[in-house]
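> predicted structure and sequence below. I'll ask about it afterward.
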Amino acid sequence: MNENIEKLIENCGAKLYDTENVIENGHKIFRVLITSKDGINLGKCEEVSRILSPIFDLNPPVNGHYYFEVSSPGIERNLKLPKHFKASIGEKVKIKLDNEKSVEGVIKNADDDCVEIGEDKILYQNIKKARTYFEW
């Protein structure tokens, strides 16, 4: 995403976590996911939405008709980038590998190349999907 967009989000006291394009109930949604060390509330989402909405009106992030949302990635969130894994050290994660094997456990460490779950070091390039989870 554009560096200027990231700076605008930071000026609102949040950080860009990720963006996603999804189809829900037949509607195309462009979602901006934000985080903050102080947590994300509805007011923060509204603030970021008010800032970004006019920009996306002029330069749409996706083609065609879409809905725009700003949200927290939630307690159970997708992990895609090294920074996501680094920020999740100490949390429980479920990882599906390219070879269809699955790994579950607590993130012990993460760097720019791999994540460590227990005794396993897993290269990011071998991860098909990763998500934090919370046991209720």
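That came through fine. Numbers count the residues shown, from 1 in each chain.
> which pLDDT value belongs to the residue nearest the centre of the chain?
When the chain is reduced to its mean C-alpha position, the nearest residue by Cα atoms, centre = their mean turns out to be Asp18, at 3.9 Å. The score at Asp18 is 93. That number is its pLDDT.
> phi first, then psi, for it.
Main-chain dihedrals, Asp18, degrees, to the nearest 10: phi -170, psi 170.
> strands of this protein, start to end?
Counting by DSSP state E, residue ranges of the strands within the chain are 15-24, 27-35, 67-71, 92-97, 102-110, 114-117, 120-123, 127-132.
> relative to Ser49, which of those strands is closest?
Among the strands of the chain, strand 67-71 comes nearest to Ser49, with 4.5 Å by Cβ to Cβ. C-beta coordinates here come from the backbone N, C-alpha and C atoms, glycine included.
> and the closest one, what does it pack against?
Contacting strand 67-71 under the criterion 3 or more Cβ pairs under 8 Å, 6 or more residues apart in numbering; DSSP states H and E are the following elements: strand 27-35, helix 42-58.
> okay, now the sheet partners of that strand, with direction.
Looking at strand 67-71 with DSSP bridges, its partner strands are strand 27-35 (parallel).
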